[in-house]
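In: Here is my input, please return the structure:
(one chain, ligands or ions: 1)
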Amino acid sequence: MDKRIIVAIDGPAGAGKSTVAKAVAERMGFLHVDSGAMYRAVALWAVENNIDPGDDHKLVPLAESAEIALTGGRVLLNGRDVSTEIRTPEVSQAASKVSTIPGVRRELVMKQQEYALQASVVMEGRDIGTVVYPRAQVKIYLDASPEVRARRRVEETGGDYAQVLRAIRERDDRDATRADSPLRQAEDAVYLDTSDLDEEEVIAAVLRIVRERTSNGRGVTS
Ligand code: DC
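Out: Alright, predicted model coming up:
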């Protein structure tokens, strides 16, 4: 019996996935993998080289040759720490475009699947429970209203509320309507609306689900 556990956390931008995934991974002693950071790293590379992030002919080889490492909460692209650079609004928009390219997705999904060969993981993204790990023991779909997500983003990183809300709606729309692996809840995922919950409440709720489904973090129940 395989003892490795996969916790898949999906949901739209700003639903609180990163904070929750990191905290749950720490408490369970699992590896935390932010799959969005990988799309962002490829997008940053394109932006820095003046390559159109929607150009699939150029982006697929870029994704293939990108060496992306997620270690100790840092993101390395070809050995360079790009943890800060990948979080700019420009890279967010570029990542959203890059992630619509099927060849890029194929490449990054393969890289993401390799993580579970090494350890139990908490992986966050948009298609983790549906495409990357359809057999994950725990699947959670974190959601919150666009208004709440925009407010949280402004509190965290500043910016104009109306502009942030518009950008979130644009990205939601692109994530949900792209042809390849659109954002959607897996049928067997637990839906958790975090609009009226604080951070600790969300973490506690997710930990409860993980423990219920995995006999307290050990072994596999299904
Ligand atoms: O979670 P994030 O905002 O850092 O993700 C950046 C972009 O990558 C976002 O537009 C959605 C996309 N993405 C994706 O398509 N699939 C994933 N598994 C993770 C992120």
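
In: Could you measure from G159 over to A37?
Out: 20 Å (CB to CB, to the nearest Å). For glycine as for every other residue, the C-beta is placed from the backbone atoms N, C-alpha and C.

In: When the two are compared, which one has more neighbours?
Out: Comparing G159 with A37 by other CB atoms under 10 Å, the one with more neighbours is A37, at 21 against 13.

In: Can you list the neighbours in contact with stretch 67-76?
Out: 22, 32-34, 37-38, 40-42, 77-79, 81-83, 86, 111 (CB atoms under 8 Å, 6 or more residues apart in numbering).

In: no, scratch that, I was asking about stretch 109-116
Out: Identification of contacts with stretch 109-116 by CB under 8 Å, 6+ apart yields 4, 6, 31, 33, 35, 38, 68, 121, 123, 125, 127-128, 131-133.

In: mind redoing it with 10 Å?
Out: 2, 4-6, 31-33, 35, 38, 63-64, 66-68, 70, 105, 121, 123, 125, 127-128, 131-133, 135-136, 181 (CB atoms under 10 Å, 6 or more residues apart in numbering).

In: Need the buried ones from those residues selected in ChimeraX.
Out: Per 16 or more other CB atoms under 10 Å, the buried members of these correspond to this ChimeraX selection:
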select :5,6,31,32,33,35,38,63,66,68,70,105,121,123,125,127,128,131,132,133,136,181
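
In: who touches the residue sitting nearest the centre point of the chain in this structure?
Out: Centroid-nearest residue in the chain, with CA atoms, centre = their mean: G125, separated by 2.4 Å. Contacts for G125 (CB under 10 Å, 6+ apart) come out as 8-11, 17, 21, 33-39, 99, 108-109, 112, 131-133, 181, 183.

In: One more: I203?
Out: G16, T19, V20, A21, K22, A23, V24, E26, R27, L197.

In: Then R184?
Out: D10, R126, D127, G129, T130, Y141, D175, A176 are the contacts of R184 under CB under 10 Å, 6+ apart.

In: cool, and Y133?
Out: Counted by CB under 10 Å, 6+ apart, Y133 has contacts 6-8, 109, 112-113, 115-116, 121, 123, 125, 127, 139, 186.

In: Sort out for me which of these are in helices.
Out: Counting by DSSP state H, the contacts of Y133 place V109, Q112, Q113, Y115, A116 in helices.

In: Give the buried subset of those as a ChimeraX selection command.
Out: To isolate the buried ones among those in ChimeraX, judged by 16+ other CB under 10 Å, type:
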select :109,112,115,116
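
In: Can you lay out the ones in helices among the contacts of Y133 as JSON lines showing distance to E170 and pLDDT?
Out: Conversion of these to JSON lines gives the following (distance: CB to CB, whole Å; pLDDT from 0 to 100):
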{"residue": "V109", "distance to E170": "24", "pLDDT": "98"}
{"residue": "Q112", "distance to E170": "25", "pLDDT": "96"}
{"residue": "Q113", "distance to E170": "29", "pLDDT": "96"}
{"residue": "Y115", "distance to E170": "30", "pLDDT": "91"}
{"residue": "A116", "distance to E170": "32", "pLDDT": "89"}
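
In: okay if I get the ones in helices among the contacts of Y133 as a markdown table plus distance to the ligand?
Out: Formatted as a markdown table, the ones in helices among the contacts of Y133 follow (distance: CB to the nearest ligand atom, whole Å):
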| residue | distance to the ligand |
| --- | --- |
| V109 | 8 |
| Q112 | 7 |
| Q113 | 12 |
| Y115 | 12 |
| A116 | 14 |
